[in-house]
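> got a structure for you, letters missing:
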C-alpha cells in the first residue's frame, strides 16, 4: 500500500515533466522513453520501494556496509543465491536493450556497461539506507552489469527489426 504513494509521485512526474517533452519529439521517442520510464519504475518497486514513506525513518537504523566479497553466498551456499543471481541478471537485461534506444548517440557497449554499473551501484548504496533489513552486495552489481551486457547483445541482434518498428511508429 505504501508503494502506491511512490507510484503516484512517479505518475505525476511523468505527466508534468516528461510526457509533453517526449511527445513533442515524436511518437517513437515517446514510446521508447515511456517504456524505459515504466521499466525503471518497476526496478524501483522491486529494489527500493517504499521510498517516500521510509524517508522519515532512514536514520532510525544502522547502515550496513556493502559486502565487497564477490559471490560469497555462492561460494558458501548461503540462501537462495541461484535465484538472486538469476533475478539480478534478468532485472537489467531490459536496461541493456532500452538504453541504446533512448541514448542513440551513446549506443556503445562501454556506455551501457557504465550506466548499468551506475544504476546498480545507486540501488545497492540506497537499499540499506532506506530499509534497515536490506543489504547491498558487490555480487548484485556484477550480475546486474552482466544483465546489461546481455541486454545490449539482444539489442544488437534485434536492432534492424527494432529500427523498422520505430520508423513505422514515427511515420504513422
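Good, I have the coordinates. Not measured: the values here are computed from a predicted model.

> Three-state assignment for residue 65, please.
coil (DSSP: H, G, I helix; E, B strand; the rest coil).

> That should have said residue 134, apologies.
Here residue 134 is coil, with the state taken from three-state DSSP.

> Please name the nearest non-neighbouring residue to residue 124.
Setting aside the residues directly before and after it, residue 124 is nearest to residue 136 in space (C-beta to C-beta, 6 or more residues apart in numbering), at 3.8 Å. (C-beta placed from N, C-alpha, C; glycine too.)

> How about residue 119?
residue 95 (6.5 Å).

> what about the one you found, how many residues close to it?
By the measure other C-beta atoms under 10 Å, the count of residues near residue 95 is 23.

> That one contacts residue 146, correct?
No - between residue 95 and residue 146 there is no contact under C-beta atoms under 8 Å: 11.7 Å.

> just to revisit the earlier point, look up phi and psi at the residue nearest to residue 124.
With angles defined as degrees, to the nearest 10, residue 136 sits at phi -120, psi 150.

> residues touching it, list them.
With contact taken as C-beta atoms under 8 Å, 6 or more residues apart in numbering, residue 136 is in contact with 64-67, 124-125, 127-128.

> Taking these together, which two end up most distant?
67 and 125 (12.8 Å; C-beta to C-beta).

> Which one of these two is surrounded by more residues?
More crowded of residue 67 and residue 125, by other C-beta under 10 Å: residue 67, with 15 against 12.

> Many thanks, we can stop here.
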